[in-house]
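Visitor: attaching a predicted model along with its sequence, questions to come.
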Amino acid sequence: MANTTQRKVVVIGGVALGAGVAAKVRREDEQAEIIMIERGPFVSFANCGLPYYLSGVIEDREALLLHTPESLRNRFNIDVRVLQEATGIQRDRKVVHIRNLQTGVSYDQPYDKLVLAMGADPIVPHIPGLDLNGIFQVRTVPDADSIRSWMADPGVHSAVVIGAGFIGIETVENLVHAGLHVTLIEKAPQVLPVFDIEMTALVLSQLQDMGVDVLLGDGIRSFEGDVQATSVTLESGKTVAADMFILGMGVRPNTQLARTAGLELGPNGALHLNQYLQTSDPDIYGGGDMAEIVHLVDGERRWIPLAGPANKQARIIGQNVCGKTVTFHGAQGTSIVGIGDVVLGITGLSEQAANALEIPNLVSYNTLGHHAGYYPGALDITIKLIFDPTTGRLLGGQVAGQQGVDKRLDVLATAIYNEMTVSELTELDLAYAPPFSSAKDPLIMAGMVAENLLNRSAVSVYEPTDLGDSSVLLLDVRSDREVALGMLPGAKHIPLDQLRQRVHELDRNKPVIVYCRIGQRSYFASRFLRGQGFTQVYTLNGGYVVEQMRETIAASNVTAPLSHAII
């Protein structure tokens with residue numbers, strides 16, 4: 001006899017996780033009763049696309065609306081209730097207390113399985129003047145509508161963006177595209193704090209080229225104005241005037257409902273889940289920006305609020321709600337951002353994160369053209385690898401450049417997911433044709449550089465306190481043409497092809513730090529010098545390119561860690 005029991009699934013929250021769960025439940029169980037509760041007016045929208053709508057890059061507002069209550073009802077027979085808010089969960093009775101925000105009427109909604117998909121809330125500190133007009137966030141479609149309406153005023157010519165994370169950077173780019181003069185303020189000592197500081201140099205340079213004023217290491221004290229905000233006062237005492245202000249100071253997991261219901265939270269305040277994405281109550285599931293995730297590199301639970309993991313979790317929760325036992329293994333924080341001509345990507349642990357977690361690591365840099373150098377238009381890509389100093393296992397990586405960054409980042413993310421080593425990276429069989437790559441792709445070359453360090457072709461790490469120290473011989477082996485454009489202070493210049501004839505000019509009693517543009521020629525030179533009997537020979541990790549990145553950071557009044565020199 002057929003089972004006639006109808007499964008009742010209630011999903012609180014929409015967007016990627018909530019709408020994804022509801023649709024997957026329907027595909028798994030045509031008979032289930034599925035109810036979605038959403039406190040906002042839109043149930044499924046592309047929040048990652050909101051900055052691009054501000055500038056008109058995305059012209060059609062409707063393109064941001066992935067699903068409407070009507071489309072979800074027609075396609076999947078889902079009962080979507082917008083402008084309704086879950087105010088409590090009574091777990092012993094298996095009901096959710098719901099309040100209709102339009103009528104004020106409250107009611108109890110029973111469930112068999114409950115899914116929490118409330119995401120994250122923006123961090124909005126208690127700042128004097130925050131209630132003035134002209135201060136916005138970029139979180140929802142109504143937020144974007146309000147900003148677009150404000151920008152339509154012909155008197156709006158300037159904006160301040162507060163927070164230099166991913167959304168902040170994308171918002172800056174699109175406001176500039178819309179013709180505004182923009183000031184970017186970030187309390188951290190760098191833009192995009194998830195990256196290692198030197199890797200953000202290209203973004204800083206791009207912001208300057210775009211005419212953006214960047215203020216780092218300074219927080220917000222208050223907003224000034226009568227009815228409308230006209231300026232912001234910083235903790236340093238500096239005042240910045242503008243016609244509009246956009247807050248992007250980060251988000252925190254929206255777990256008040258879960259906390260009140262007695263569900264277990266992690267130390268970071270995010271919802272604790274097991275491998276099946278169940279909360280401490282097996283009939284309540286969760287995920288997305290409100291929940292913690294196992295980090296794939298070290299297995300620790302962390303909060304990683306990204307769209308990619310949320311979409312994958314939706315599919316798994318939808319299956320498990322319907323009786324399956326599919327596991328979610330975790331995530332590694334793979335992210336990418338573009339501004340102007342510059343693209344920056346990260347996956348796994350950064351060097352600063354690995355050090356903060358006291359995870360032993362080595363670091364290597366490699367810079368090459370994004371395709372064959374003899375094919376017109378090759379542009380630099382710089383790849384930073386973080387890896388285990390004993391096994392060579394990849395722990396993280398960052399890629400900066402203009403073209404081909406996403407391709408290398410995705411390969412690197414796949415390698416880290418599969419716990420590959422830097423040596424295995426050198427063996428990858430990647431596509432090659434001159435317009436697309438080199439016979440030895442930049443990622444493969446990055447693996448070779450790291451392998452040299454790991455295998456003691458580079459024997460030890462040397463951290464000079466001053467590259468211009470007279471007790472250290474700094475040797476530049478680049479060409480005359482390159483040196484004419486600049487060199488490191490105090491360096492001695494001998495082009496690589498002249499080194500054999502001029503080796504007698506070097507003091508064998510001093511440590512020799514060799515550098516070139518990217519590290520390849522300096523590696524050749526260091527091997528030659530060691531063969532000639534020099535015992536203290538080092539190469540500057542990343543070469544002149546990375547040192548220029550550090551100089552860019554230093555020019556922004558930010559202190560960057562000294563580069564490593566390696567034998």
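Guide: That came through fine.
Visitor: and the gap between the residue nearest to His272 when sequence neighbours are not counted and Val11?
Guide: Residue nearest to His272 in three dimensions, not counting chain neighbours: Glu264, with 4.3 Å by Cβ to Cβ, 6 or more residues apart in numbering. No exception for glycine: its C-beta is placed from N, CA and C like everyone else's. Relative to Val11, Glu264 is positioned 20 Å away (Cβ to Cβ, to the nearest Å).
Visitor: and these two? which has more neighbours close in?
Guide: Counted by other Cβ atoms under 10 Å, Glu264 and Val11 do not tie: Val11 has more neighbours, with 31 against 13.
Visitor: how near is the more buried one to Val96?
Guide: 10 Å.
Visitor: now do the shared contacts for these two.
Guide: Common contact partners of Val11 and Val96 (Cβ atoms under 8 Å, 6 or more residues apart in numbering): 37, 114.
Visitor: the residue nearest to His272 contacts Ser280, correct?
Guide: Yes: Glu264 sits in contact with Ser280 when judged by Cβ atoms under 8 Å, with a separation of 3.9 Å.
Visitor: between those two, which contacts overlap?
Guide: Counting by Cβ under 8 Å, 6+ apart, the shared contacts of Glu264 and Ser280 are His272.
Visitor: verify the stated contact: Val25 with Gly18.
Guide: No: the criterion here is Cβ under 8 Å, and Val25 misses it with Gly18 at 10.9 Å.
Visitor: apart from its neighbours in sequence, what residue is nearest Val321?
Guide: Nearest to Val321 is Lys113, by Cβ to Cβ, 6+ apart, at 4.6 Å.
Visitor: wait, what's in contact with that neighbour?
Guide: By Cβ under 8 Å, 6+ apart, the residues touching Lys113 are 7-10, 283-285, 321.
Visitor: recalculate using a threshold of 6 Å.
Guide: Lys113 makes contact with 9, 283, 321 under the criterion Cβ atoms under 6 Å, 6 or more residues apart in numbering.
Visitor: so the first one bridges to which residues?
Guide: Beta-bridge pairing of Val9 under DSSP bridges involves Ile34, Lys113.
Visitor: can you give me every residue that contacts it?
Guide: Taking Cβ under 6 Å, 6+ apart, one finds 25, 32, 34, 113, 321 in contact with Val9.
Visitor: and for the last one?
Guide: Applying Cβ under 6 Å, 6+ apart, one finds that Val321 lies in contact with 9, 25, 113.
Visitor: looking at those, which one is closest to Ala258?
Guide: Proximity to Ala258 was ranked across the contacts of Val321 by Cβ to Cβ; first place goes to Lys113, at 15.3 Å.
Visitor: hang on, Ala241 packs against Thr233?
Guide: No: between Ala241 and Thr233 there is no contact under Cβ atoms under 6 Å: 10.4 Å.
Visitor: more crowded one of those two?
Guide: Neighbour tally, Ala241 and Thr233, criterion other Cβ under 10 Å: the higher count belongs to Thr233, 17 against 13.
Visitor: check which helix or strand that one maps to.
Guide: strand 229-234 (DSSP states H and E).
Visitor: what are the buried residues along stretch 229-247?
Guide: For stretch 229-247, burial by neighbour count (16 or more other Cβ atoms under 10 Å) applies to 229-230, 232-234, 240, 242-247.
Visitor: so where do the helices sit in the stretch 151-300 of the chain?
Guide: 166-177, 201-209, 256-260 (DSSP state H, counting those that start in this stretch).
Visitor: need these in JSON lines with mean neighbour count, can you?
Guide: Below are the helices of the stretch 151-300 of the chain laid out as JSON lines (neighbours: other Cβ atoms under 10 Å):
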{"stretch": "helix 166-177", "mean neighbour count": "24"}
{"stretch": "helix 201-209", "mean neighbour count": "21"}
{"stretch": "helix 256-260", "mean neighbour count": "16"}
